[in-house]
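> predicted structure and sequence below. I'll ask about it afterward.
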Amino acid sequence: MKKDFLSIAELTKDELFELLTLADILKAQKELKPLAGKTVTTIFQKPSLRTRVSFEVGIVQLGGHAIFLTDEGVGLGTRESAADVAHVLSRFNDGIVARVFDHQLLLDLAKHASIPVINALSDLSHPCQILADLYTIRQHKKLRDYVKIAYVGDGNNIVNSWLELSTIIPLHLTLAIPYGYEPDTTIYQNALNARVSKIEIIRDPKSAVNKADVVYTDTWTSMGQEHERTKRIYDFWEYQVNTSLIRQAKEDVIVMHCLPAHRGEEITDEALDGKQSVVNDQAENRLHVQKAIMAKLIGRYTTTSDKQKSDTPFQII
């Protein structure tokens, strides 16, 4: 039965760490081609640098072929219904990667497609980014129970996906978010009810980043919110990640931003380009974790419990 990847919440803890391990393998062994002979269509309603390039490069490195469709070419949900698009692409392809405004479009694609659908970003969540972030934290040897991650800024799709992750592994999330910009209510409440992680919304950024292992931020004005830009700059001005704020965290803190950054707004040049910044590692790691996702959902990939035959609990054929 086909599986989709629409949110972090769909993963079990075992599946989560299996993907991280698989990313390690595919990063080290570029000769593996689990997508050989397979075609993946990517649909982008929003502009993209990292997401588009990482997926297309990943598909090619895995031996597959990528087809890129703009929203102007498809008219997803307008010119053609999500159901019709899903049915047609399922006849031609082996997988669909979609970057959309409305999360419901992803749900509709997945409902009607007979091939895996992968969420490359929606207004509600950004699971591939958060997997890459977790991979980056692990890479920098920060991943442990209740690692303190201080997020500063808008309670957007990034925060929603961090909250979903917090239901799977124990984190200490401190969210410095101004009034009126909180994350999705249902996702936040589900995270609290899971009782896996320590989660706090703290209005004062300095208190939120106190002794943090990770300081994370994102743009104050996401795509589709441009008409709110002036108000958002005013409301978020005290939530800038800068040298002064970073000093409140641990001395060996790492600074993260999913990019693109509005330099001088949510983050300063000094913070983004400083020695504590790992933003370029984050960007690169999109490639590795997305390759793992595609290898598992779309590729020639089997799970085995026979550890005498394999050094890992799965095989890439």
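Happy to help now that I have it.
> can you show me the strands along the stretch 101-250 of the chain?
Under the criterion DSSP state E, counting those that start in this stretch, the stretch 101-250 of the chain contains strands at 117-119, 147-152, 171-176, 198-201, 214-217.
> residue ranges with poor pLDDT in this protein?
Per-residue confidence for the chain (pLDDT under 70) gives these ranges: 302-317.
> walk me through the domains of it.
8-125+283-316, 141-277 (automatic domain parsing).
> circling back: any chance of the strands of the stretch 101-250 of the chain in JSON lines, with mean neighbour count and distance to G224 too?
Bear in mind the C-beta positions are built from the backbone N, C-alpha and C, glycine included. Shown next, in JSON lines, are the strands of the stretch 101-250 of the chain (neighbours: other C-beta atoms under 10 Å; distance: least, C-beta to C-beta, whole Å):
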{"stretch": "strand 117-119", "mean neighbour count": "27", "distance to G224": "16"}
{"stretch": "strand 147-152", "mean neighbour count": "25", "distance to G224": "20"}
{"stretch": "strand 171-176", "mean neighbour count": "24", "distance to G224": "22"}
{"stretch": "strand 198-201", "mean neighbour count": "15", "distance to G224": "24"}
{"stretch": "strand 214-217", "mean neighbour count": "27", "distance to G224": "19"}
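> nearest the geometric middle of the chain, what residue?
Q129 (1.9 Å; C-alpha atoms, centre = their mean).
> and the longest helix for this structure?
In the chain, taking DSSP state H as the definition, the longest helix is helix 279-297.
> how far does it sit from the chain's center?
What separates the centre of helix 279-297 from the centre of its chain is 9 Å, taken as C-alpha atoms, centre = their mean, to the nearest Å.
> buried residues in that helix?
Neighbour-count burial for helix 279-297, counted by 16 or more other C-beta atoms under 10 Å, picks out 279, 281-297.
> try stretch 254-269
254-259, 261, 265-268.
> the residues you listed in helices, which ones?
Using DSSP H, no member of the buried residues of stretch 254-269 falls in helices.
> good, wrapping up.
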